[in-house]
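Engineer: Sharing a model that was predicted from the sequence below.
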Amino acid sequence: MTSSFLISLKCSKCDEVYSSDEVQTICQVCRSTLLAQYDLEAAGRVIDRDEISTLKGRMWRWKPILPVLDYDNIVTLGEGDTPLLKTDRLGQILDFPNLFIKDESSNPTGTFKARGLASAISKANEFDIHKVIIPTAGNAGGAMAAYAARSGMQAQVLMPDDSASANIQEAEAYGGEVKLVKGLINDAGQLAINLAFTEGWFNVATFREPYRVEGKKIMAYEIAEAFNWELPEVFIYPTGGGTGLVGMWNAFHEMLTMGWLEKEELPRMVAVQSEGCAPVVKAFESGADKMEYWPGASTIASGLRVPDSFAGHLILSALRESQGIAIAVSDSEILEALKQLATSEGIFAAPEGAATLAGFKKLLDSKWIKTDERVVLFNTGTGLKYIK
């Protein structure tokens, strides 16, 4: 396999182009998210998509379309290649024959956060960065601390002071320096910006560096591979910061450009949020092109307790371009769905993952989803991390 086809970075708003050979954070012109750009025409000529299926390396099987140039710099704990499960018993209960769950709970540290942090920390390793900092609702902090430990970096984790003790203890167990912040993840995010400036930490916050989204996009490649390169009709994703949703939407277009898809129809993307914190839903339904801060955010799904996303415009664009939708569910609906997943399919989902089932049932009842479509739900982590 050839090395990475990464060629540059481009601003997601103003299209300013930046070198990918230097450390970058956000656009210096408009202060927006930078996204990785690959020579996809060359990649399409050189890479045999079917050869990738024969390779080992889990997420890093896809390394030519990931951002690390020197494979010796890859920091991995075995992330990726999580199961795609067909829900036969649940499908019978709901009278829906083609419902699938991409179960991310088998990733290192128990959540899909491992994918994004493996990519970000690997690229930081390539740039010889030694100090990394992250604001987190919980799970991303543990993942970052684990990969930082694996690479020998210092790690500082900033999380709300009401975060679950499991998240705090996990990050500390990996050697991370945990600071509890009064408020929510946005408050932790502002502190991370300040400390990055005053103390020289490299900030790997969601969408404030270009490479976490690259790890998350590989979920889309794995699903395309599992469906023989003919994508299912609907992806239902629990949306806090939105990295995975944006990453997968970008990945679909990469596949199209490389000529890997058997059909050009792309999935409709669904963002599921909690009724107690639904800034994406509010912006989508009002027709806004950016999100507004959601005051008083509260939900049992801590990963959905994100009052505002730095790249909200990318989330909204993906939903609208895909002819998708944003939907909110209640905490009681999340708990009901969590129990249903566990008792019917043996999946002890994180509340965020259970939210996708709750959202699916609403969309099925409203007939927004047709019974002959193929639907993929994303369980983003194990429910074991939420036991008090």
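Structural biologist: That came through fine. Residues are numbered from 1 along each chain as shown.

Engineer: what secondary structure does residue 118 sit in?
Structural biologist: Following DSSP: H, G, I helix; E, B strand; the rest coil, the label given to residue 118 is helix.

Engineer: Skip the chain neighbours and tell me the closest residue to it.
Structural biologist: residue 79 (4.9 Å; C-beta to C-beta, 6 or more residues apart in numbering). Bear in mind the C-beta positions are built from the backbone N, C-alpha and C, glycine included.

Engineer: Counting neighbours, what do you get for the one you found?
Structural biologist: 26 (other C-beta atoms under 10 Å).

Engineer: got a list of what it touches?
Structural biologist: Contacts here follow C-beta atoms under 8 Å, 6 or more residues apart in numbering; on that basis residue 79 touches 58, 59, 107, 108, 114, 115, 118, 215.

Engineer: Could you measure from the first one over to residue 244?
Structural biologist: Yep, that's residue 58 we're talking about. The gap separating residue 58 from residue 244 is 17 Å, by C-beta to C-beta, to the nearest Å.

Engineer: in this structure, which spans are strands?
Structural biologist: Under the criterion DSSP state E, strands of the chain are mapped to 6-11, 17-18, 34-38, 84-86, 99-103, 131-135, 154-160, 177-181, 202-203, 234-238, 268-274, 325-329, 375-379.

Engineer: just so I know, which of these lies nearest residue 71?
Structural biologist: strand 6-11 (13.0 Å; C-beta to C-beta).

Engineer: Tell me the strands beside the closest one, with direction?
Structural biologist: strand 17-18 (antiparallel), strand 34-38 (antiparallel) (DSSP bridges).

Engineer: how about the CA coordinates for the longest one, as CSV?
Structural biologist: I take that to be strand 34-38. The C-alpha trace of strand 34-38 is given here as CSV (Å, rounded to 0.1, in the frame of the first residue of the first chain):
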residue,chain,number,x,y,z
LEU,A,34,-9.8,23.1,8.5
LEU,A,35,-10.4,19.9,6.6
ALA,A,36,-7.9,17.5,5.1
GLN,A,37,-7.6,17.4,1.4
TYR,A,38,-6.4,14.3,-0.5
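
Engineer: ok, and what's touching it?
Structural biologist: Outside of strand 34-38, the residues that reach it under the criterion C-beta under 8 Å, 6+ apart are 4-12, 17-18, 20, 24-27, 65, 67, 210-211, 213-214, 250, 254.

Engineer: chain center to it, what's the gap?
Structural biologist: 16 Å (C-alpha atoms, centre = their mean, to the nearest Å).

Engineer: What of stretch 359-366?
Structural biologist: 23 Å.

Engineer: can you check stretch 98-113 too?
Structural biologist: 11 Å.

Engineer: cool, and stretch 289-297?
Structural biologist: 20 Å.

Engineer: Can you get me the start-to-end distance on that stretch?
Structural biologist: 21 Å (C-alpha to C-alpha, to the nearest Å).

Engineer: Residue 58 and residue 244: who's more crowded?
Structural biologist: A count of neighbours by other C-beta under 10 Å puts residue 244 above the other of residue 58 and residue 244, at 29 against 20.

Engineer: Compute the distance between the residue nearest to the more buried one when sequence neighbours are not counted and residue 367, please.
Structural biologist: Residue nearest to residue 244 in three dimensions, not counting chain neighbours: residue 216, with 4.2 Å by C-beta to C-beta, 6+ apart. Residue 216 sits 30 Å away from residue 367, going by C-beta to C-beta.

Engineer: Contacts only, for the nearest residue to residue 228 once chain neighbours are set aside.
Structural biologist: Distances taken as C-beta to C-beta, 6+ apart put residue 262 closest to residue 228, at 7.0 Å, once the chain neighbours are dropped. The contact partners of residue 262, by C-beta under 8 Å, 6+ apart, come to 228, 229, 230.

Engineer: Please list only the buried members of the residues you listed.
Structural biologist: By neighbour count, with 16 or more other C-beta atoms under 10 Å, the contacts of residue 262 hold no buried member.

Engineer: Which one of those residues is nearest to residue 181?
Structural biologist: residue 229 (44.0 Å).

Engineer: Can you give me the neighbour number for the residue lying closest to residue 91 once chain neighbours are set aside?
Structural biologist: Spatially, and ignoring its direct neighbours in sequence, residue 91 is nearest to residue 99 (5.0 Å; C-beta to C-beta, 6+ apart). If you count neighbours by other C-beta under 10 Å, residue 99 ends up with 24.

Engineer: try residue 267
Structural biologist: Residues lying near residue 267 (other C-beta under 10 Å) number 24.

Engineer: top of the contacts of residue 79 by neighbour count?
Structural biologist: So for the contacts of residue 79 (other C-beta under 10 Å), the most neighbours sit at residue 118, 34 neighbours.

Engineer: That residue reaches residue 68, doesn't it?
Structural biologist: No - in this structure, residue 118 is not within contact of residue 68 by C-beta atoms under 8 Å, at 9.8 Å.
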